[in-house]
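Chemist: Structure for the following, please:
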Amino acid sequence: MKSLLLIFSLALMTVSCGSQTYLDPATLSSVVEKKEFDFNATKAFPTNYDVINVMNSMPGSTGTRILNLDPGNGFNLKKDLFSVALPYFGRAFNASPGDANNGGIRFESKEFNVKQSTTKKGNALFTITPRDQKENYVFNLEVFKNGSAFLSVNSNNRQPISFDGNISVKSN
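Modeler: Presented below is the predicted three-dimensional model:
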């Protein structure tokens, strides 16, 4: 029953997100071509079942594995700087308990690779790999034609996590 409810809610979310336009097509194609934009995360999808079980045991829980996020989470991509400020819900394999700043995925990278390709449906797909961080991160971002985007983050030190959000014109 839970899986049926989850499938139904994800289908409803997909339909409702598909009709909203976050960025006009001309601006979107311009920022995608320049590879300079902000990704604003609005929802997190943790994969760790311990996190999901805790979320489901909370009073007023909806029974899904979706976390709504406050504004201010995401990343900024520029030609010379990749600045990331994302929350993390999951298991880190090498934790630093004394480091209060290492709770999420937060860093600035000046050495990174950006590969851009196009999906079968015509969406832009970015693979961003920072080269100057202790952890080996791979950010896979799919940008849809209405300005919404889906980000998956993989690391050698943490379980994967995904985010739903939108693209905006880069801030200075």
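
Chemist: So what sits opposite residue 148 in the bridge?
Modeler: When assigned by DSSP bridges, residue 148 has beta-bridge partners residue 166.

Chemist: what sits against it?
Modeler: If a contact means C-beta atoms under 8 Å, 6 or more residues apart in numbering, then residue 148 has 17, 20, 22, 164, 165, 166, 167 as its contacts. Just so you know, the C-beta spots here come from the backbone N, C-alpha and C atoms, and that holds for glycine as well.

Chemist: who's in contact with the third one?
Modeler: Residue 22 is in contact with 146, 147, 148, 166, 167, 168, counting by C-beta under 8 Å, 6+ apart.

Chemist: and the helix or strand where residue 138 lies, what other elements does it pack with?
Modeler: Following DSSP states H and E, one finds residue 138 within strand 137-143. With contacts defined as 3 or more C-beta pairs under 8 Å, 6 or more residues apart in numbering; DSSP states H and E, strand 137-143 has these neighbours: strand 124-130, strand 148-155.

Chemist: got the contact list for residue 160?
Modeler: Taking C-beta under 8 Å, 6+ apart, we find residue 160 in contact with 47, 90, 152, 153, 154.

Chemist: ok, so of the residues you listed, who is nearest residue 108?
Modeler: Closest approach to residue 108 among the contacts of residue 160 (C-beta to C-beta): residue 153, at 15.8 Å.

Chemist: Could you double-check that residue 104 sits in contact with residue 92?
Modeler: No - using C-beta atoms under 8 Å, residue 104 makes no contact with residue 92, being 10.5 Å away.

Chemist: Name the helix or strand of the protein that has the lowest mean pLDDT.
Modeler: Ranked by mean pLDDT, DSSP states H and E, the weakest helix or strand in the chain is helix 2-18, scoring a mean of 56.
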